[in-house]
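> Predicted model, plus sequence, below.
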Protein chains: 2
Amino acid sequence: MKDTGLINITEEDFINYEERKRARLINSLSGFKSANLLGTISSDKKTNLSIVSSTFHLGASPALMGIIIRPDISPRHTLENIRSEKFFTLNHVNEHIYKKAHQTSARYPRETSEFDSCNLTEEYLEEFHAPFVKESNIKVALKLIREIKIEENGTHFLISSVKSIWAPKSALSEDGHINIENAGSICVSGLDSYHSTSIIERLPYAKP
Amino acid sequence: MKDTGLINITEEDFINYEERKRARLINSLSGFKSANLLGTISSDKKTNLSIVSSTFHLGASPALMGIIIRPDISPRHTLENIRSEKFFTLNHVNEHIYKKAHQTSARYPRETSEFDSCNLTEEYLEEFHAPFVKESNIKVALKLIREIKIEENGTHFLISSVKSIWAPKSALSEDGHINIENAGSICVSGLDSYHSTSIIERLPYAKP
């Protein structure tokens, strides 16, 4: 126990944790994470759906999103589909579908669509041939711009461009902000903990 | 209005938004974001503190964290300090300090430490010469491993290694998971909206 009232876990400590325990610990450190379903389709029209907690804002002008994909676990087919088709969808997880969304992380065989096995509904909007999740309230059509291999651990960093957005009218503010809490979006902590949110405050642009 | 009950905003629409409105919209799309303060120090011992909402888990083995830094706004001094000193700190924002944390995003001159101007307390733990935030309950010592320039928009993707962790004993689970909600950590949506969380459920490892 430190005199700060906090426990200190050093690199020497956690490096000796068993793999799953270390994964739970390290996954907790960045703070709350976004919960999204990536919808993809292969060249022979097989769909795939995969939960990801590593989607992040990369820039507004141009409108870019970053996604980290670990090829060794379930998003493997997702990655192959994104590479071949370029277009894919991002769908916010909400409290009504979080169990089904979590279930997409199971290692299903390639011929299985997680839409079917996890009981979520494919939806096709406008000209996008990748499937959206009907049960999701905020949906984004994305196009792969570039893939960067992270040599340090074999993950893939995808830079993607925002092509189109769907959101409930009631969640859209005049000033551009989307009230994703009102739209039911939830967040994740660690590997497996799902949380709803309560707004504290929107703060004005900070000036010195 | 789509027959899905959702409003569609296309790239052609938001590309014509004024800059701040587009930033609010696009920042809302990835879902909830982590809220962290990056603590740094320069070679001549001037400290700097900067709120970031783009820290994300990159991998557990090795323990890596990713951070996106926009050099054009306030984290500019943060970036320079990280480059020169390599070691820096990540401190979870909680409900007691979110206003002060948000205020660090103002454009203070280089000679001003946001610790002073935003009334947060520098804390030095173990051998790390970068300052932690005393008021934060979860703190991580990080070391810069590599910087990747994102040519698409001039942002910087920092790959950093987890060196040491401080967290309240009451938030640590036997299985490695940290209950960051119990530790008071909060999250962000859009550019400026702060949210507390309520746990829904921890789910078991998904199997087909």
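Looks like it arrived, so ask away.

> Once you drop chain neighbours, what's closest to A:Thr89?
The shortest distance from A:Thr89 to any non-neighbouring residue, by Cβ to Cβ, 6 or more residues apart in numbering or on different chains, is to A:Gly39 (3.9 Å). Placement of C-beta: from N, CA and C, glycine included.

> what about that neighbour, which SS state?
Here A:Gly39 is strand, with the state taken from DSSP: H, G, I helix; E, B strand; the rest coil.

> Next, count neighbours for it.
A:Gly39 has 30 neighbouring residues, counting by other Cβ atoms under 10 Å in any protein chain shown.

> can you pull out the strands in chain A?
Taking DSSP state E, the strands of chain A run over residues A:6-10, A:33-34, A:36-41, A:47-52, A:55-60, A:63-69, A:87-92, A:122-123, A:132-133, A:139-150, A:155-168, A:187-189, A:193-202.

> Would you point to the one among the ones you listed that's packed deepest?
strand A:33-34 (a mean of 28; mean count of other Cβ atoms under 10 Å in any protein chain shown).

> quick revisit: what sits against the residue nearest to A:Thr89?
The contact partners of A:Gly39, by Cβ atoms under 8 Å, 6 or more residues apart in numbering or on different chains, come to A:47-49, A:88-91, A:122, A:130-133.

> Would you format the strands of chain A as a markdown table with mean pLDDT included?
What follows is those, written out as a markdown table (pLDDT from 0 to 100):
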| stretch | mean pLDDT |
| --- | --- |
| strand A:6-10 | 97 |
| strand A:33-34 | 98 |
| strand A:36-41 | 98 |
| strand A:47-52 | 96 |
| strand A:55-60 | 97 |
| strand A:63-69 | 97 |
| strand A:87-92 | 98 |
| strand A:122-123 | 98 |
| strand A:132-133 | 98 |
| strand A:139-150 | 97 |
| strand A:155-168 | 97 |
| strand A:187-189 | 98 |
| strand A:193-202 | 98 |
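
> Of all these, which one is nearest B:Tyr17?
strand A:55-60 (9.3 Å; Cβ to Cβ).

> who's in contact with that closest one?
Defining contact as Cβ under 8 Å, 6+ apart, one finds that strand A:55-60 is touched by A:34, A:36, A:64-67, A:90, A:159, B:19, B:22-23, B:25-27, B:29-31, B:33, B:53-54, B:56, B:68, B:70, B:150, B:152-153, B:155.

> Now with 6 Å, please.
Outside strand A:55-60, the residues that touch it by Cβ atoms under 6 Å, 6 or more residues apart in numbering or on different chains are A:34, A:36, A:64-67, B:22-23, B:26-27, B:30, B:54, B:56, B:153.

> likewise stretch A:112-124?
By Cβ under 6 Å, 6+ apart, the surrounding residues in contact with stretch A:112-124 are A:47, A:49, A:100, A:103-104, A:108, A:131-135.

> what's the span of it, first residue to last?
Length of stretch A:112-124, first residue to last, Cα to Cα, to the nearest Å: 19 Å.

> same check, this time on stretch A:67-77
15 Å.

> Would you agree A:Gln103 is in contact with B:Ala206?
Yes. Counting by Cβ atoms under 6 Å, A:Gln103 touches B:Ala206, with 5.1 Å between them.

> Of the two, which one has the most company?
A:Gln103 (21 against 18).

> give me the number of residues near the closest residue to that one other than its chain neighbours?
Leaving aside its chain neighbours, A:Gln103 sits nearest to A:Cys118 (4.6 Å; criterion: Cβ to Cβ, 6+ apart). Using other Cβ under 10 Å, A:Cys118 has 23 other residues around it.

> And A:Cys118, its phi and psi?
phi -110, psi 0 (degrees, to the nearest 10).

> That one and B:Leu38: what is the separation?
As defined by Cβ to Cβ, to the nearest Å, A:Cys118 lies at a distance of 37 Å from B:Leu38.

> and what of A:Ile82?
Distance of A:Ile82 to B:Leu38, computed by Cβ to Cβ: 31 Å.

> wait, which of the contacts of A:Gly39 is closest to chain B?
A:Leu90 (7.4 Å; Cβ to the nearest Cβ).

> how close does that closest one get to A:Gly31?
Between A:Leu90 and A:Gly31 the computed distance is 20 Å (Cβ to Cβ).

> same thing with A:Ala206?
20 Å.

> Now the terminal residues of stretch A:97-108, how far apart.
End-to-end distance for stretch A:97-108: 19 Å, by Cα to Cα.

> Other residues contacting that stretch?
A:37, A:49-51, A:74, A:93, A:114, A:117-120, A:135, A:194, B:203, B:206-208.

> and with 8 Å instead?
With Cβ under 8 Å, 6+ apart as the criterion, stretch A:97-108 contacts A:35, A:37, A:49-51, A:73-74, A:93, A:114, A:117-120, A:133, A:135-136, A:186, A:192, A:194, B:200-201, B:203, B:206-208.

> returning to what we had before: want to throw the strands of chain A into CSV with distance to B:Trp166?
Below are those laid out as CSV (distance: least, Cβ to Cβ, whole Å):
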stretch, distance to B:Trp166
strand A:6-10, 4
strand A:33-34, 20
strand A:36-41, 30
strand A:47-52, 28
strand A:55-60, 24
strand A:63-69, 25
strand A:87-92, 32
strand A:122-123, 45
strand A:132-133, 38
strand A:139-150, 26
strand A:155-168, 26
strand A:187-189, 17
strand A:193-202, 20
